[in-house]
Structures are given as C-alpha cells and as structure tokens.
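Student: Please work out how this folds:
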Amino acid sequence: MKKRTLFAIMSSFIFVSTLLVYPQNTKAAGPFIETQKQNTPVYENRTGSLELVGYLNQFQQFSLVKEINPNWFQVKYGNSNGYILKSAANPVLYPNFKNVNTKYKHPKEAIITLKDTPVFDNTSGKLVHFATIKENRRYPILYPEGNWYAVDVSGRIGFVYKANVKPDKGIPVLMYHHLLKNSENTNFRNSSTITPEEFKQQMEYLHQKGYETITTSQLEQYIKGNLNLPGKTVLITFDDGLKTVFLYAYPVLKQYHMKAAAFLITSRITNTSSNFNPKKLQTLSKVEMNQMKDVFEFQGHTHQLHSLNSKNMSAVVTQPLSTVRNDLMINKTQFNAKALAYPFGQYNTSTINILKQVGFTSAYTTHNAYVHIGDDPYQINRFGIEPHLPLEKFCSIFE
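Tutor: The predicted structure is shown next:
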C-alpha cells in the first residue's frame, strides 16, 4: 500500500512551473508553514523522481522558501531543497519557534545517518523532537556540541545525537583506465590495467553494500554546497576512452544499474568500430559511445594533448597557453563536456584559468583522497584503482 501511495505522489511531481494542471489549492502563501500531519514526509528531487529523505513532526513550524505549484511547498533541507505536500501543512505569517538559524549559512562538514535520526529543539529547556533525517543521508552540520551535532532543518537549528550518526570522511571517486584479461594482456602490464574479473568483483561489492553511483554534475553541486547526497555514494570514472571500457566495464555497470563517466581524448575517437586487438590501445567509436550512453556520460581529457615530453611533463603544462586553450575548447565542444580529467594528473594555475575561460566547470586530479563540501571543483580528488588490488584494500576506501 505504501509503495502504491508513493508511486501516486511521484507520478504527480513534475516540475514544469505554471504549465502544470493541478486542482487549485486556496491556501494563502506565507513566509512560514506549520505541519498538520504527524511524520510529514520531506522529499528531494535530485534524480528526477521523488526520494523520501526525512519527516517533519506535527504542528511544527518551518521557514518556507517558496511555493512550487498549487500542490507543493519548498523548504530548505540541508544543502538542498525539500518538498512538502501542501495538504500536509498550512502557511503562517509569524513563527512560534526560537531556534532560528541566522548565523550558520555555508556548512562544510557533514555526517552520515546510521538510522532514522531524530532532530531535537532544546530552546525550551527540554528536548523537543521536531524532525527526523532518514537513514543513509549525508547531512551538513553547523557545529559539534558535546554528544550532539547541530544541524539546520528548514531554517531551524536542531541537534542530533552523535551515536546515531558517523562523521563523513568524504565521497570517493574511483579512477580506472584499461581492462584486459590475463590471457590477452601481453603489452600493458602496468599500473593502470586491471582484469575484468577484478572490476566485476569491485562493482559487485559496491552493489551488495547499496552504493549509489552519481554523475560529475551531481558531485560538482555537492562540492558547491547546493546538493545533498546519500551516505553510500560513489563516482566511477574512466580516463582515455578505451575500447575495453565498452567491452568489459559497460556490461558490468549496466548489470548493476550503475552510472559512470568516461573522460575522452577526442582526437582519437573514431566514427566506426574496429575489431578488438588486445595488443593495441584502441579507443571508443561513436557507435560504441551511442550504445553506452544509458550508463556513461562523456567528458573531456584534452583533444590531442595527452602526451609527455622527455622530462615526463604533460603537454597541458608545457605547450603555449594559446595551444592549450584551443585544444581544450575543441575537447569541450565535441561532446558538450563540462568536466575534465587532467592528463597524467598534471596541471597548474594557468590550466585552471583556461578551463574556466572555455567553460569547463570542474576538473579531476590523480590525488588519492576523498571529496568534501567546499573543495576546489577544479582540483577534485580520485582514488586510482591499480591491478591486483586486494579486495580488502578496495573495501577499505568505503569503510
């Protein structure tokens, strides 16, 4: 019954502003709302469909951001927006709560809820439960206080018990390159070629543990403090745009309903597919890319500057700035890329400035570390996944 009810709500939740046709709701707008139902659901629309992320308790008041359409209120929920059915709340002009957040506006630390976590108001001298954050939610904190963390729920400062959450150590971004079976690999036994068996084992682990794969755009919005993400979140990336990604990675990702990003050296992309030859580094074709687009997004890795000089310096940092700018402009426009992976992880301040000039909005390094709110979107960390990595060590990234 609950699934059917949620499906009915999701079906009605389409943002096309005033073009939508809904039964008119006669409630007047106000700067605050008061919930009329116990456990009033709060939804997010991050993926294009409604996701239940928390509850607001009955007869509690909250700051209102705006009305979306005749059926929905929008409130601030962590670093994102939450949506509440108007049938569950009434507008009010003057709030009766004292725990207004007027000071903490851009929190950069976060927690992950281990269970459905109650949020308490203590301004009356006793704890009053006024909201709940769902399990497995990554939620920004304002500050720690003893055994509690302070959070903002729709404009109100509340406290969550530390035992119900864990500190967020950051979002992992995985970096892959080439995949070959042991029997095929005669020329590429280096630090960036893994076996399909290793890759499947790693993806199976993520699937079994309930990890959700995100896009480069979602990660960028999270970094900028504009989006909430689940606790179990990972971004999967592949550099160079090699044919083996289509042959070996794509089927596994599709099987587990995962998403990934491929960073392309666009001058090497072919129009038609070629027969597979494991002794050569073959790149993707446009035909293969078209088949992969249900799983992969395609981003930039330069047009034809993926090379090193005799001193192992990348062309991105040794070529004239005008050459780099022209190359990155081509790389961006080929497939409307917004993100770039630095070749060989090399870049400098001039590289970043050029990326901004030509319209890239984020860029990825080879620095092994997690990603946090407030990080530089042009210096995003990634964990390079090397061959023969023990599964226990892979799992430790997520523990």
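
Student: What strands line up against the longest strand anywhere in the chain, and which way round?
Tutor: Looking across the chain with DSSP state E, the single longest strand is strand 233-240. With DSSP bridges as the test, strand 233-240 is paired with strand 173-176 (parallel), strand 212-213 (parallel), strand 260-264 (parallel).

Student: Could you export it as CSV, CA atoms only?
Tutor: Provided in CSV are the C-alpha atoms of strand 233-240 (Å, rounded to 0.1, in the frame of the first residue of the first chain):
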residue,chain,number,x,y,z
THR,A,233,27.7,7.4,-2.7
VAL,A,234,30.5,6.9,-5.2
LEU,A,235,31.5,8.4,-8.6
ILE,A,236,33.2,6.0,-11.1
THR,A,237,35.4,7.4,-13.8
PHE,A,238,37.5,6.1,-16.7
ASP,A,239,40.3,8.0,-18.3
ASP,A,240,41.3,7.9,-22.0
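
Student: avg pLDDT for it?
Tutor: Taken as a whole, strand 233-240 carries a mean pLDDT of 99.

Student: any idea how the chain splits into domains?
Tutor: Taking automatic domain parsing as the criterion, the chain consists of the domains 2-92, 109-167, 173-396.

Student: Including distance to residue 98 and mean neighbour count, could the ones you listed go into TSV?
Tutor: To be clear about C-beta, it is placed using only N, CA and C from the backbone, and glycine gets the same treatment. As requested, those are exported to TSV (distance: least, CB to CB, whole Å; neighbours: other CB atoms under 10 Å):
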stretch	distance to residue 98	mean neighbour count
domain 2-92	11	16
domain 109-167	4	18
domain 173-396	26	18
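
Student: Which of those sits closest to residue 100?
Tutor: domain 109-167 (6.4 Å; CB to CB).

Student: Return the distance of the closest one from the chain's centre.
Tutor: The chain centroid and the centroid of domain 109-167 are separated by 22 Å under CA atoms, centre = their mean, to the nearest Å.

Student: Quick one: end-to-end length of that domain, please.
Tutor: 8 Å (CA to CA, to the nearest Å).

Student: swap in stretch 304-314?
Tutor: Using CA to CA, the span of stretch 304-314 from its first residue to its last is 11 Å.

Student: residues in contact with the helix or strand that comes right after the longest strand of the chain?
Tutor: Next along the chain after strand 233-240, taking DSSP states H and E as the criterion, comes helix 243-244. Residues from elsewhere that reach helix 243-244 (CB atoms under 8 Å, 6 or more residues apart in numbering): 178, 179, 180, 274, 276, 282, 283, 284, 285, 288.

Student: ranges for the strands of the stretch 151-300 of the chain?
Tutor: Secondary structure of the stretch 151-300 of the chain (DSSP state E, counting those that start in this stretch): strands at 156-161, 165-167, 173-176, 178-179, 193-194, 212-213, 229-230, 233-240, 260-264, 296-300.

Student: Tabulate those (TSV), appending distance to residue 221.
Tutor: What follows is the strands of the stretch 151-300 of the chain, written out as TSV (distance: least, CB to CB, whole Å):
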stretch	distance to residue 221
strand 156-161	23
strand 165-167	22
strand 173-176	14
strand 178-179	30
strand 193-194	30
strand 212-213	15
strand 229-230	9
strand 233-240	12
strand 260-264	15
strand 296-300	14
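
Student: in the stretch 251-399 of the chain, what spans have low per-residue confidence?
Tutor: For the stretch 251-399 of the chain, no stretch is flagged by pLDDT under 70.

Student: Show me the helices in it, by range?
Tutor: For the stretch 251-399 of the chain, the helices defined by DSSP state H, counting those that start in this stretch cover 286-292, 315-318, 321-334, 349-358, 391-396.

Student: Thank you kindly, that will do.
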